[in-house]
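**Q** Provided below for reference: sequence and predicted model.
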Amino acid sequence: MALRFETRASDSPWVDTVWTCTSERVAEMTSVATVCWGLVFWELDGTAYAGVSGPETGTGTAPVPEGATFVGIEFAVGTWLRAVPTPALVDRGVELPGTTRRTFRLDGLRWERPGPDDAEALVDRLVRAGAVVRDPLVSEVRRGHRPVLSERTVERRFRTATGLTQGAVRQIERVRKASALLAAGAQVADVVTKFEYFDEPHLARALRRYVGRTARQLREGTGGALALDMDLDLDQPTTS
């Protein structure tokens, strides 16, 4: 196996998932559309790097050099960096200068680089310092609460916090969960019904746009390395 990619859920309300990746030889990974922004830390040939990744509205591929190791923190929808508005990060990322094997610089301060087991401790420090903030309205809307605000105001605040529309978030979260279910061996027709796609061609178009795989490739585990959490909570609602 060229890449070992693992994810875990987090009990922090500020964090969606924490992931690690190790490249055993030169490989190519397919990225999947995501609604989360994140912090990414990696090492290659003894040099340490850090960066901020943004939400992605489509799929793409990127080479991963041999011997690279990564730790990533995907933040919950509705959170953002005080220093970098999330809309400015959509479909792009920012490398953080001055990173060492022990520390990195963010929001004018130097922080200890986390491992996969202490990611939440770093996030807690970032939150306490005000470097990571959130709009509680986004969480309320995603839980189905209807605030006493105009739809236009709600949508504006949602997009300011996430960089995406509510509709885009719903579509991306739905196709990611559909992909995880297909990868677990589910029948295509069952996935179409469960996630309320119009028909199989509708699902196929969503997979091509957001995941870069066909339903058959997901079911058979072919097509190469895929940056997708296969342990998604499939019972979590996909609507906001």
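**A** Received the coordinates, thanks.
**Q** what's the burial count for Asp16?
**A** 21 (other C-beta atoms under 10 Å). Yep, even glycine has a C-beta here, placed from its N, CA and C like the rest.
**Q** now it: closest residue in space that isn't a chain neighbour?
**A** Distances taken as C-beta to C-beta, 6 or more residues apart in numbering put Glu74 closest to Asp16, at 4.4 Å, once the chain neighbours are dropped.
**Q** can you list the strands that the host helix or strand of that neighbour pairs with?
**A** Taking DSSP states H and E as the definition, one finds Glu74 inside strand 69-75. Using DSSP bridges, strand 69-75 pairs in its sheet with strand 15-23 (antiparallel), strand 38-44 (antiparallel).
**Q** comparing these, which gets the lowest mean pLDDT score?
**A** Lowest mean pLDDT within these: strand 15-23, a mean of 93.
**Q** give the buried residues for that strand.
**A** Residues of strand 15-23 classed as buried by neighbour count (16 or more other C-beta atoms under 10 Å): Val15, Asp16, Thr17, Val18, Trp19, Thr20, Cys21, Ser23.
**Q** likewise stretch 63-80?
**A** Neighbour-count burial for stretch 63-80 flags 64, 68, 70-80 (criterion: 16+ other C-beta under 10 Å).
**Q** of those residues, which pair is most distant in space?
**A** With C-beta to C-beta as the measure, no two of the buried residues of stretch 63-80 lie farther apart than Ala68 and Gly78, at 30.6 Å.
**Q** so Arg170 sits in a helix?
**A** Yes: assessed with DSSP: H, G, I helix; E, B strand; the rest coil, Arg170 lies in a helix.
**Q** helices along the protein, start to end?
**A** Along the chain, counting by DSSP state H, helices occupy 119-128, 136-142, 151-162, 166-183, 188-194, 200-210, 215-220.
**Q** looking at those, which is buried most?
**A** Between those, helix 166-183 has the highest mean count of neighbours, a mean of 21, where neighbours are mean count of other C-beta atoms under 10 Å.
**Q** compute the inter-axis angle for it and helix 200-210.
**A** Taking axes from the mean of the first three to the mean of the last three C-alpha atoms, to 10 degrees, helix 166-183 and helix 200-210 form an angle of 100 degrees between their directions.
**Q** what is helix 166-183 packed up against?
**A** Judged by 3 or more C-beta pairs under 8 Å, 6 or more residues apart in numbering; DSSP states H and E, helix 166-183 is in contact with helix 151-162, helix 188-194, helix 200-210, helix 215-220.
**Q** quick check: Glu140 touching Pro147?
**A** Yes: counting by C-beta atoms under 8 Å, Pro147 is a contact partner of Glu140 at 6.3 Å.
**Q** quick one, grab the pLDDT at Ser31.
**A** pLDDT, read off for Ser31, is 89.
**Q** apologies, that question was intended for Glu6.
**A** pLDDT recorded at Glu6 is 89.
**Q** repeat for the one 5 residues further on
**A** Looking at Asp11, its pLDDT reads 95.
**Q** now do Cys36
**A** Looking at Cys36, the pLDDT reads 96.
**Q** for it, what are its contacts?
**A** Applying C-beta atoms under 8 Å, 6 or more residues apart in numbering, we find Cys36 in contact with Asp16, Thr17, Pro55, Glu74, Phe75, Ala76, Val77.
**Q** next one: the residue of the chain most remote from its centre relative to Arg142, how far apart?
**A** Computed with C-alpha atoms, centre = their mean, the residue of the chain farthest from its C-alpha average is Val148, at 29.9 Å. For Val148, the distance to Arg142 equals 17 Å [C-beta to C-beta, to the nearest Å].
**Q** I'm done for today, thanks for sticking with me.
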